[in-house]
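Enquirer: coordinates for the following, if possible.
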Amino acid sequence: MPEELAQLLPDFSAWAMFFICAMLIGMSKTGVQNIGTFTVPLFALLFGAKHSTGVVLPLLCMADAMAVAYYRKTFHKELVLKPMPWALAGLLVALAVGHVIPETGFKILMGASILLSVGAMLWMERSGKINVIVASSWFAPVMGFIVGFSTMIGNAAGPALAVYLLAMRLPKYAFVATGAWFIMILNFLKIPLQVFIWGNLSWSSFLLDLTALPFLIIGALLGIRIIRILPEKQFKLLMVTLIIASTFFLFA
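Expert: Residues are numbered from 1 along each chain as shown. Next up, the predicted model:
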């Protein structure tokens, strides 16, 4: 084992947590979206909040590629393209903000990004005007911006993206496929930004991510299995539950 990897994860418990998180990421990309949000504070604990965003990014990209390959025929292209310019704007704003805030501010921003998404979802449900809101000119830009900001600031775009896709009333396979395409584009665009601007993505962290690839694949297969057997109603209930639970977990 390279010395650099031993420095990143110094003991057995750290390695175990890392591999479990990799499995959860695989599951989140192919079926149980938002379960990956539980890994955000764990990765922050292992590597530090800001540094963790770079360490985890290759894992996310590999999982995105698996999900897109599997669900390549069921995504809704228009739901990806419409908010994408605003998501890119949110990504760039987060890049600038993250470049100047201290390490301790990162966890707060991660949690705030998720909490904002949850608040938006609850407001839409309580207002009883979800169809009007979704059809409004500001909905896709606002949600796109939140997704872009939260994915850059802490790889925590899952709840915001789920709110957007749930509002579109997508069936479960289209939900997962559209989310996979959307976030894959953003994650691959983040690679040069985190290499050259934040400087928190290195060969050592990439090698570390490769050691977790088997667990990532296991998680992806579990996600595919779960979405296959879970009815539509229970799938949407699970998504909402995970959004709320992951928010409290991050602030814990």
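
Enquirer: buried residues, stretch 43-60. List them.
Expert: 43-44, 46-47, 49-60 (16 or more other CB atoms under 10 Å). To be clear about C-beta, it is placed using only N, CA and C from the backbone, and glycine gets the same treatment.

Enquirer: pLDDT averaged over it - what is it?
Expert: Per-residue pLDDT values over stretch 43-60 give a mean of 83.

Enquirer: list of residues touching it?
Expert: Contacts with stretch 43-60, where a contact means CB atoms under 8 Å, 6 or more residues apart in numbering, come from 8-9, 14, 17-18, 21-22, 25, 29, 39-40, 98, 103-104, 106-107, 110, 152-155, 183, 187, 190-191, 194-195, 198-202, 205-206, 208-209, 212, 216.

Enquirer: that older thread, widest-spaced pair of the buried residues of stretch 43-60?
Expert: By the measure CB to CB, Ala49 and Pro58 form the most distant pair in the buried residues of stretch 43-60, at 17.8 Å.

Enquirer: for this protein, which segments count as helices?
Expert: 3-8, 12-30, 39-47, 49-70, 77-81, 84-100, 104-127, 130-135, 139-154, 158-167, 172-193, 203-211, 213-229, 232-251 (DSSP state H).

Enquirer: and the fourth one with helix 84-100, angle?
Expert: If I follow you right, that is helix 49-70. Per axes from the mean of the first three to the mean of the last three CA atoms, to 10 degrees, the angle that helix 49-70 makes with helix 84-100 is 160 degrees.

Enquirer: check the offset of helix 49-70 from the chain's centre.
Expert: Offset of helix 49-70 from its chain centre (CA atoms, centre = their mean, to the nearest Å): 9 Å.

Enquirer: do the same with the fifth one
Expert: The chain centroid and the centroid of helix 77-81 are separated by 18 Å under CA atoms, centre = their mean.

Enquirer: residues near Tyr164, how many?
Expert: Residues contacting Tyr164 under the criterion other CB atoms under 10 Å number 28.

Enquirer: quick check: it touching Pro141?
Expert: No - if you go by CB atoms under 8 Å, Tyr164 and Pro141 don't touch, sitting 11.1 Å apart.

Enquirer: what do those two both touch?
Expert: In contact with both Tyr164 and Pro141: Pro83, using CB under 8 Å, 6+ apart.

Enquirer: just to revisit the earlier point, filter the contacts of stretch 43-60 to the buried ones?
Expert: Neighbour counting over the contacts of stretch 43-60 (16+ other CB under 10 Å) leaves 8-9, 17-18, 21-22, 25, 29, 39-40, 98, 106-107, 110, 152-155, 183, 187, 190, 194, 198, 200-202, 205, 208-209, 212, 216 as the buried ones.

Enquirer: so where's the protein uncertain?
Expert: Where the chain drops to pLDDT under 70, the residues are 1-8, 102-107, 109-111, 113-114, 117-118, 120-122, 124-130, 243-244, 246-252.
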